[in-house]
Structure formats: structure tokens, C-alpha cells
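> here are the coordinates; sequence isn't available:
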């Protein structure tokens, strides 16, 4: 199996983009808004509920209550489930996205989430979990939870 080129490689190889900087791809309709969404995805806002650190974007009080009821005081497990994001689900309409690109994105997001967690919760230790598409047929997943 040959490894496909990723979006950036394809963009750079496109003759229309020969003299353009990669970042010029941001200058399209919705560019600033899309860039801010991406920035939030890489460095998300985090909240703390009952000692659990959670992605603000994922938080749903009813779902949190159900996990608390099911898992009790297992804070790390509650965080792991509440913070779980399937990367492929975020790009369901991108027919050009490859498993390799989604896996690369999941690993990259994981590195950035580590930084966000460190910035927003200094001194607290977290585990970042990344599952790639070769392990999960539903596509790569990423989550985090308190260590220890």
C-alpha cells in the first residue's frame, strides 16, 4: 500500500499555488472564523466540574450526570469518556480526508491539548490518549484524563 500525500502536500503541488505561501489558503470565505474554530480545537477552553477537567465544547450536564452515576468517583474514567473525540466524525463531509491524515491530525491535536492542559491547569498531570485508525475502524480518537 502506498502512502497518500496529505492536504498540505497536495496544496503545495497544485500549479495554481506555485508562488503562494501555504497560509494564503486561509484567505477564503469564512477564513477568519474557520481559523478561530481551528485555534479553539487545538487549544480548547477547559472547565472543571466536580474535580473533573473537561472540554467545554463537549460538556453536557445530563451526560456528565449519567457518567457520574455509572462510574461513581472514578474521576479519570469520567474525564476519559467526557473528553473523547472521534476525529473522523468531525470531518464526515470531507471525502478527501485519508486515514493517514486523520491519524496525523489526532496525534498533532494531542500534543496541543497537552499544552492547553498545562496552561490552564498548571501542576496537574494528565494522560493524553490517541487511538489511530489502524486500531479503531471508526477512525482515530483522542481523549485526556487526570493521571494518578
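Now that the structure is in, tell me what you want to look at. These figures come from a predicted structure and were not determined experimentally.

> Quick one: the strands in this protein, in order.
All strands of the chain, identified by DSSP state E, fall at 46-49, 52-55, 85-86, 126-131, 141-146.

> which helices and strands does the third one pack with?
Strand 85-86 sits against strand 141-146, with contacts defined as 3 or more CB pairs under 8 Å, 6 or more residues apart in numbering; DSSP states H and E. C-beta: built from backbone N, CA, C; applies to glycine.

> Against which helices or strands is the strand it packs on packed?
Right, strand 141-146 is packed against strand 52-55, helix 75-82, strand 85-86, helix 99-120, strand 126-131 by 3+ CB pairs under 8 Å, 6+ apart.

> what's it in contact with?
Among residues not part of strand 141-146, those counted as contacts by CB atoms under 8 Å, 6 or more residues apart in numbering are 52-53, 75-77, 79-81, 83-87, 106, 109-110, 113-114, 117, 124-131.
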